[in-house]
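A.B. asks: attaching a predicted model along with its sequence, questions to come.
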Amino acid sequence: MLKIINHGCNGKMGRVISRLVSEKSDCKIVAGIDKNPSSSDFPIYTSLKDVKEDADVIIDFSFHSAVPELLKNAELKKIPVVVATTGLSDDELCTLKEAAKTIPIFRSANMSLGINILINLVKEAAKILQNNYDIEIIEKHHNMKKDAPSGTALMIADAINEVLTEKKEYIYGRHSKTDTRKENELGIHAIRGGTIVGEHEVIFAGHDEILTISHSARSREIFAIGALKAAEFIVNQKPGLYDMNSLLEKG
Ligand SMILES: NC(=O)c1ccc[n+]([C@@H]2O[C@H](COP(=O)([O-])OP(=O)(O)OC[C@H]3O[C@@H](n4cnc5c(N)ncnc54)[C@H](O)[C@@H]3O)[C@@H](O)[C@H]2O)c1
Ligand SMILES: O=C(O)C1=N[C@H](C(=O)O)CCC1
């Protein structure tokens with residue numbers, strides 16, 4: 001029985017995690033953590049340091065500024081963490097990399113299988129098209145999202161840059177830009193509205209042809225399923241930083 005702490009348990013994703021876990025027989029939520037506690041069938045705390053229950057793993061869908069304190073306490077308690085929260089600053093990312101020297105940490109800005117396949121496809125396309133095609137990324141999310149651009153858009157952009165001979169400079173939107181597009185630019189554009197779960201489109205625009213590779217999330221369950229798979233995976237790993245590739249390689 002996998003004993004899980006649900007960090008951000010009262011949020012949109014935290015609630016999906018709790019629901020999916022309640023439908024499974026091989027794992028359970030032993031405690032939740034949220035800055036806005038409410039009643040639940042598991043105890044809810046405002047910090048990991050107060051949690052009394054024994055746990056194998058923490059799943060985190062919260063807010064970027066909550067991540068350093070979570071990791072500090074996870075290190076003290078030696079509990080592996082799945083970090084799904086996006087919008088981490090450079091300093092917060094440094095803290096995460098340091099913590100991964102002590103505990104196993106799984107981090108991905110997108111826990112869906114589809115996005116991780118999209119990244120592999122986009123890398124192949126970028127290798128071939130890098131000289132003659134302009135690359136732009138468009139992401140669309142619900143009106144409650146607090147970070148922009150999405151962690152996924154940045155993850156896709158970084159994956160593209162990894163395979164390019166000449167690295168691109170990220171351009172966030174084109175408002176007030178009066179000059180024409182430069183070859184070394186990679187445009188990243190965010191749209192917010194309604195209940196859009198998550199859409200990502202990578203456009204390779206060439207002379208008289210456009211290749212578009214896109215992914216559309218139709219429910220939050222796809223992220224929760226991926227996070228639960230990551231949780232099962234991480235509990236058996238040594239300290240270090242893991243991502244979706246580690247999970248895909250495992251098969
Ligand atoms: N990696 C993925 O696949 C994936 C998928 C969906 C969402 N996300 C990310 O997960 C995060 C949460 O998304 P959401 O839609 O559930 O947001 P949300 O705002 O609905 O929920 C966040 C929850 O975290 C809690 N929280 C905030 N600060 C906290 C703190 N300091 N300590 C404890 N709890 C705190 C809030 O009270 C809230 O209940 C976002 O960063 C989002 O981008 C990632
Ligand atoms: O709902 C969100 O917020 C999501 N955020 C992730 C991101 O920033 O990439 C993934 C999709 C959903």
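C.D. replies: Alright, I've got the coordinates. Ligands and ions are numbered 1, 2, ... in the order given.

A.B. asks: following the strand or helix carrying residue 153, which helix or strand shows up next?
C.D. replies: Element membership for residue 153, per DSSP states H and E: helix 151-163. With elements assigned by DSSP H and E, the helix or strand that comes after helix 151-163 is strand 169-172.

A.B. asks: list the helices and strands the helix holding residue 153 packs on?
C.D. replies: Counting contacts by 3 or more CB pairs under 8 Å, 6 or more residues apart in numbering; DSSP states H and E, helix 151-163 is packed against helix 113-129, strand 134-141, strand 185-192, strand 198-205. C-beta: built from backbone N, CA, C; applies to glycine.

A.B. asks: so which of these is nearest residue 107?
C.D. replies: Comparing the helices and strands packed on helix 151-163 against residue 107 with CB to CB, the closest turns out to be helix 113-129 (13.0 Å).

A.B. asks: who does the nearest residue to residue 42 once chain neighbours are set aside bridge with?
C.D. replies: Closest residue to residue 42 apart from its sequence neighbours, by CB to CB, 6 or more residues apart in numbering: residue 29 at 4.8 Å. According to DSSP bridges, the residues that bridge with residue 29 are residue 4.

A.B. asks: and for residue 171?
C.D. replies: residue 187.

A.B. asks: how many neighbours does it have?
C.D. replies: Applying other CB atoms under 10 Å, we find 16 residues neighbouring residue 171.

A.B. asks: quick one, what contacts it?
C.D. replies: 177, 185-188 (CB atoms under 8 Å, 6 or more residues apart in numbering).

A.B. asks: okay, the residues you listed in a markdown table with pLDDT next?
C.D. replies: Supplementary listing: these in a markdown table, determined by pLDDT from 0 to 100:
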| residue | pLDDT |
| --- | --- |
| 177 | 88 |
| 185 | 97 |
| 186 | 98 |
| 187 | 98 |
| 188 | 98 |
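
A.B. asks: mind giving me the ChimeraX select for these, buried ones only?
C.D. replies: Applying 16 or more other CB atoms under 10 Å to those, the buried members can be selected in ChimeraX as follows:
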select :185,186,187,188
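
A.B. asks: what's the residue nearest to residue 111 when sequence neighbours are not counted in contact with, if anything?
C.D. replies: For residue 111, ignoring the flanking residues on the chain, the nearest one in space by CB to CB, 6+ apart is residue 226 at 3.0 Å. Going by CB under 8 Å, 6+ apart, residue 226 touches 108, 110-113, 244.

A.B. asks: which SSE is residue 62 in?
C.D. replies: Here residue 62 is assigned to no helix or strand, by DSSP H and E.

A.B. asks: what sits against it?
C.D. replies: 7-8, 11, 14, 33-34, 70, 85.

A.B. asks: give me the neighbour count for the residue of the chain found nearest ligand 1.
C.D. replies: Residue of the chain nearest ligand 1, by CB to the nearest ligand atom: residue 11 (1.9 Å). Other residues within reach of residue 11, judged by other CB under 10 Å, total 19.

A.B. asks: just the pLDDT for it.
C.D. replies: On pLDDT, residue 11 comes in at 97.

A.B. asks: ok, residue 238 next?
C.D. replies: pLDDT, residue 238: 97.

A.B. asks: perfect, that will be all.
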